[in-house]
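> here is my input, please return the structure:
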Amino acid sequence: MVQVDVFWAYGLGAGYAMAAARQIKKLQAGETTAGSIPSVKKEEKKVPFWKNTYFISNLLYLGLLFAPSGLYLVWQFTSWETMHAGDKTMPGWLVALFGLTNISQGILGFWVVWKLIEAGKNFLAYLQVPAGYFGMFFILVHGWDGTGYKRFFSESVEQFQTNWTWGTAINWLTSDVAITLYAMGVILIPVLIVSLLKIEKEGWELGGSGEFSVRKSPSGVASTIAFLATVFVGALGSAIISSVIIHQLGWILGAIVSGSVIYILGISKFGLFPILYKNVLQSESETGGKLQSVRSAA
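You can find the predicted model right below:
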């Protein structure tokens with residue numbers, strides 16, 4: 001959907017950078033790896049964030065799969081893709097801007113993680129992944145008026161506006177838009193997981209120190225499960241909790257309370273994300289102290 005893809009793209013870019021965290025650290029330290037791209041130009045003292053195969057992998061995924069899929073949905077299911085806020089009378093520049101942000105926000109996510117790793121704020125770098133997906137899921141669940149989930153589970157604006165029930169949502173599961181999403185998912189999800197895992201495995205072979213140390217027997221399955229849990233348990237769960245709280249308390253107080261809940265249950269040393277962070281990286285190091293990076297960035 002147009003409103004969520006900017007956050008989704010950011011999460012994708014951040015995910016590619018975190019998959020390559022060990023390689024990025026070595027590139028920033030001036031070490032040459034299989035992921036570096038030679039240039040006929042004199043090499044800079046500092047390696048640019050874009051001059052590596054991991055960034056190129058991110059860019060290829062965004063440009064060849066993610067952005068085209070979004071543009072197809074805008075054309076084929078305009079009302080649904082705009083969360084029933086637009087139709088085919090939208091100006092062409094708006095559609096072009098949507099296609100642009102599907103790539104530019106992924107570049108931004110990669111760059112932010114690169115800079116945070118460079119600054120030694122590795123846990124905060126990892127948090128960019130659930131942050132991007134949280135934005136995506138919050139719009140889907142809550143939206144700007146508390147009806148995000150109703151908009152998502154309505155094939156047409158008429159279904160959304162006329163006596164919406166959970167039966168509407170059930171019927172949506174077999175709608176043309178839903179079937180299209182299933183078909184896209186068969187391609188987009190496996191390609192994403194396989195490409196991320198390939199980058200991660202290269203990092204495991206290179207090894208690292210501190211937070212980027214590697215377990216004796218790193219598991220691709222465990223890393224993938226931790227990544228999926230980051231997205232669908234951590235980010236989606238946080239979005240649902242936030243929506244429920246905001247429905248009850250309103251935007252201002254609800255945002256404060258939900259932010260506190262997310263910090264305690266997700267980000268703090270007692271939360272879920274430090275555990276998932278360690279398992280995504282397949283790191284031996286303890287996660288204690290990572291929150292210092294979060295606090296120091298505040």
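
> buried residues of stretch 69-87, list them for me.
69-71, 73-74, 77-84, 86 (16 or more other C-beta atoms under 10 Å). The C-beta positions use only the backbone N, C-alpha and C, and glycine is treated the same way.

> meant to ask about stretch 88-100
For stretch 88-100, by 16+ other C-beta under 10 Å, it's 95, 98-99.

> all the helices of the stretch 151-298 of the chain, residue numbers only.
157-161, 166-172, 176-206, 220-229, 236-249, 251-262, 273-281, 290-297 (DSSP state H, counting those that start in this stretch).

> any idea of the mean pLDDT in the second one?
In other words, helix 166-172. In this model, helix 166-172 has an average pLDDT of 96.

> coming back round to it: and which of the buried residues of stretch 69-87 is nearest to I264?
Lowest distance from I264 to the buried residues of stretch 69-87 (C-beta to C-beta) belongs to M83, with 30.9 Å.

> centre of the chain to stretch 240-247, how far?
Computed by C-alpha atoms, centre = their mean, to the nearest Å, the chain-centroid distance of stretch 240-247 equals 20 Å.

> give the buried residues for it.
Within stretch 240-247, the residues that count as buried by 16+ other C-beta under 10 Å are 241-243, 245-246.

> which one among those residues gets closest to Q28?
Lowest distance from Q28 to these (C-beta to C-beta) belongs to S242, with 34.4 Å.

> would you point out the helix or strand in the chain whose mean pLDDT is lowest?
helix 290-297 (a mean of 45; mean pLDDT, DSSP states H and E).

> that older thread, which of the buried residues of stretch 88-100 lies closest to M1?
Nearest to M1, judged by C-beta to C-beta, of those is F98 at 10.1 Å.

> on the three-state scheme, the closest one is what?
Secondary structure assignment for F98 (DSSP: H, G, I helix; E, B strand; the rest coil): helix.

> name the nearest residue to it, ignoring sequence neighbours.
Take F98 and drop its neighbours on the chain: the residue closest to it by C-beta to C-beta, 6 or more residues apart in numbering is V2, 5.4 Å away.

> count of residues packed around the residue nearest to Q282 when sequence neighbours are not counted?
Leaving aside its sequence neighbours, Q282 sits nearest to P218 (C-beta to C-beta, 6+ apart; 3.8 Å). Number of residues near P218 (other C-beta atoms under 10 Å) recorded here: 17.

> give me phi/psi at N52?
phi -160, psi 160 (degrees, to the nearest 10).

> check the gap between it and I240 for me.
For N52, the distance to I240 equals 36 Å [C-beta to C-beta, to the nearest Å].

> about what we covered before: looking at the helices of the stretch 151-298 of the chain, which is nearest to I139?
helix 236-249 (8.5 Å).

> and the average pLDDT for that closest one is what?
The pLDDT scores in helix 236-249 average 97.

> by contact count, what packs against that helix?
For helix 236-249, the elements it packs on are helix 122-141, helix 251-262, judged by 3 or more C-beta pairs under 8 Å, 6 or more residues apart in numbering; DSSP states H and E.

> hmm, 10 Å instead?
In terms of contacts (3 or more C-beta pairs under 10 Å, 6 or more residues apart in numbering; DSSP states H and E), helix 236-249 is packed against helix 122-141, helix 148-152, helix 251-262.

> burial of T162, as a residue count?
With other C-beta under 10 Å as criterion, T162 counts 10.

> check the one 10 residues further on too.
When neighbours are defined as other C-beta under 10 Å, W172 has 17 of them.
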